[in-house]
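Student: Model the following, please.
(one chain, ligands or ions: 2)
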Amino acid sequence: MKPKIFITRQIPEDILAMLQETCEVKLWSEADVPVPRDVLEQEIRDVEGLYCLLTESIDDSLLAQAKNLRIVSNMAVGYNNINVEAATRRKILVTNTPGVLTETTADLTFALLMMTARRMEEASQFLRQGQWKTWSPMLLAGQDVYGATIGIIGMGRIGEAVAKRAKGFDMKIIYHNRTRKFEIEERLGAQYRTFEELLEESDFVCILTPSTPETQNLIGKTELERMKPTAILINTARGGIVNEDDLYSALMDQKIYAAGLDVFSEEPLSPQHPLLTLANCVALPHIGSATVKTRREMARLAAVNLVTFLQGKTPPHCVNPSVLEGV
Ligand SMILES: NC(=O)c1ccc[n+]([C@@H]2O[C@H](COP(=O)([O-])OP(=O)(O)OC[C@H]3O[C@@H](n4cnc5c(N)ncnc54)[C@H](O)[C@@H]3O)[C@@H](O)[C@H]2O)c1
Ligand SMILES: O=C(O)[C@H](O)CO
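Tutor: Ligands and ions are numbered 1, 2, ... in the order given. Here you go, the predicted structure:
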């Protein structure tokens, strides 16, 4: 008998077909909206595998109802939507999709950095609204990227890929990470700094850590006040790492120059959110990994993780591999 799985959103047809070869698949296919909680609670009771997105909260109370569940396969590298401790306690494997989205997310991070520094969104609006009357010496003048200092907080896969791009712009690369990365220091000329030193020295502060209890509100009033008044904050990691109320005040009071954000503590961000009233805040709707090729690769990798495990083998990307001991 094929193992039952539930997929929480439509995925590419060929990847669905691949899953259907080995699993009995149920799918939430109504429009492109997250599966309602009551439907998820119902479906999870019966299945051995769950294929989900970062829009689903896989918490303790949900897992408590999942008597047959053996694997949660998240179609994302970040897995802060999943209570991993609760899954591990119940011997449920959690998998994710690292690597395949690294370069795409680094591209978007660097694009957001440039867009914010050179006020591109503001400039485009200015032109479209018919405000462009003449070339003028200081019109829409922003900050230089080439040769500036970039501070990367979280020198992991994406952090390193951003550093590679920064090297091409002759930037001074400084970083802060839980552990020092000597090989990256040597290869890319990156220099390690304490968290406080990085904030004080950077022209661009880029956040690329995971969302963990430790990184919640990592950047708040105190940290923003440590930054240069000309500095730009870029967050393509997760909402909640930056305190949005404090950021709003810092941008309003010009304590920092600007911010570029792809992620928010509540997603989707309300169009009425105060941050969206500020010309010095560029906001994107969580599109870091959004290229056709990369999203397909993520969908495929999430399927491979799921199928491999249900066939009794070790999936390529386990978040809590201790669950596999004794399986
Ligand atoms: N905007 C998007 O669409 C998008 C796309 C992909 C990933 N992400 C986010 O980016 C994150 C990073 O992805 P990755 O593949 O580079 O992960 P990774 O695990 O390779 O890198 C994370 C790095 O952060 C470091 N770190 C963790 N806690 C830290 C702390 N408190 N202080 C300093 N450093 C710390 C780790 O040591 C690691 O080097 C993901 O967890 C995800 O949340 C967002
Ligand atoms: O964690 C992730 O993978 C992103 O946020 C979406 O690609």
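Student: What number of residues are in the vicinity of the closest residue to residue 57 other than its chain neighbours?
Tutor: In space, and not counting its chain neighbours, residue 57 is closest to residue 81: 5.6 Å by Cβ to Cβ, 6 or more residues apart in numbering. Placement of C-beta: from N, CA and C, glycine included. By the criterion of other Cβ atoms under 10 Å, residue 81 has 18 neighbours.
Student: One more: residue 29?
Tutor: Counted with other Cβ under 10 Å, the neighbours of residue 29 add up to 12.
Student: Which pLDDT value goes with it?
Tutor: Listed pLDDT for residue 29 reads 87.
Student: can I assume it is in contact with residue 10?
Tutor: Yes. Taking Cβ atoms under 8 Å as the definition, residue 29 is a contact partner of residue 10 at 5.2 Å.
Student: before we move on, what SS does residue 73 have?
Tutor: Here residue 73 is strand, with the state taken from DSSP: H, G, I helix; E, B strand; the rest coil.
Student: on that earlier part again, report the contact partners of the residue nearest to residue 57.
Tutor: Taking Cβ atoms under 8 Å, 6 or more residues apart in numbering as the criterion, residue 81 is in contact with 52, 54-58, 74.
Student: of all those, which two lie farthest apart?
Tutor: For the contacts of residue 81, the farthest-apart pair by Cβ to Cβ is 57 and 74; their separation is 11.6 Å.
Student: What is the neighbour count of the closest residue to ligand 1 within the stretch 101-250 of the chain?
Tutor: Nearest residue of the stretch 101-250 of the chain to ligand 1 (Cβ to the nearest ligand atom) works out as residue 156 at 1.7 Å. Around residue 156 there are 18 other residues, counting by other Cβ under 10 Å.
Student: ok, now which ones touch the nearest residue to it once chain neighbours are set aside?
Tutor: Residue nearest to residue 156 in three dimensions, not counting chain neighbours: residue 208, with 6.5 Å by Cβ to Cβ, 6+ apart. When contacts are counted by Cβ under 8 Å, 6+ apart, residue 208 touches 109, 152-156, 158-159, 162, 236-237.
Student: could those be laid out in a markdown table, adding pLDDT, secondary structure and distance to residue 311?
Tutor: What follows is the contacts of residue 208, written out as a markdown table (pLDDT from 0 to 100; DSSP: H, G, I helix; E, B strand; the rest coil; distance: Cβ to Cβ, whole Å):
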| residue | pLDDT | secondary structure | distance to residue 311 |
| --- | --- | --- | --- |
| 109 | 99 | helix | 36 |
| 152 | 99 | strand | 39 |
| 153 | 99 | strand | 39 |
| 154 | 98 | coil | 34 |
| 155 | 98 | coil | 35 |
| 156 | 98 | coil | 30 |
| 158 | 99 | helix | 30 |
| 159 | 99 | helix | 34 |
| 162 | 99 | helix | 36 |
| 236 | 99 | coil | 35 |
| 237 | 99 | coil | 33 |
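Student: Just the buried ones from the contacts of residue 81?
Tutor: Of all these considered here, the ones buried according to neighbour count by 16 or more other Cβ atoms under 10 Å are 52, 54, 56, 58, 74.
Student: Now the fourth one: closest residue in space that isn't a chain neighbour?
Tutor: Just to be clear, that refers to residue 58. Nearest-residue entry for residue 58: residue 82, 4.3 Å, with adjacent residues in sequence omitted and distances by Cβ to Cβ, 6+ apart.
Student: Hmm, residue 71 and the one you found touching each other?
Tutor: No. If you go by Cβ under 8 Å, residue 82 and residue 71 don't touch, sitting 11.4 Å apart.
Student: What is the most widely separated pair among the contacts of residue 208?
Tutor: Farthest pair in these (Cβ to Cβ) is 155 and 236. Separation: 14.3 Å.
Student: So the residue lying closest to residue 101 once chain neighbours are set aside versus residue 87, what's the distance?
Tutor: Nearest-residue entry for residue 101: residue 289, 3.9 Å, with adjacent residues in sequence omitted and distances by Cβ to Cβ, 6+ apart. According to Cβ to Cβ, to the nearest Å, residue 289 stands 23 Å off from residue 87.
Student: Nice, that's everything, thank you.
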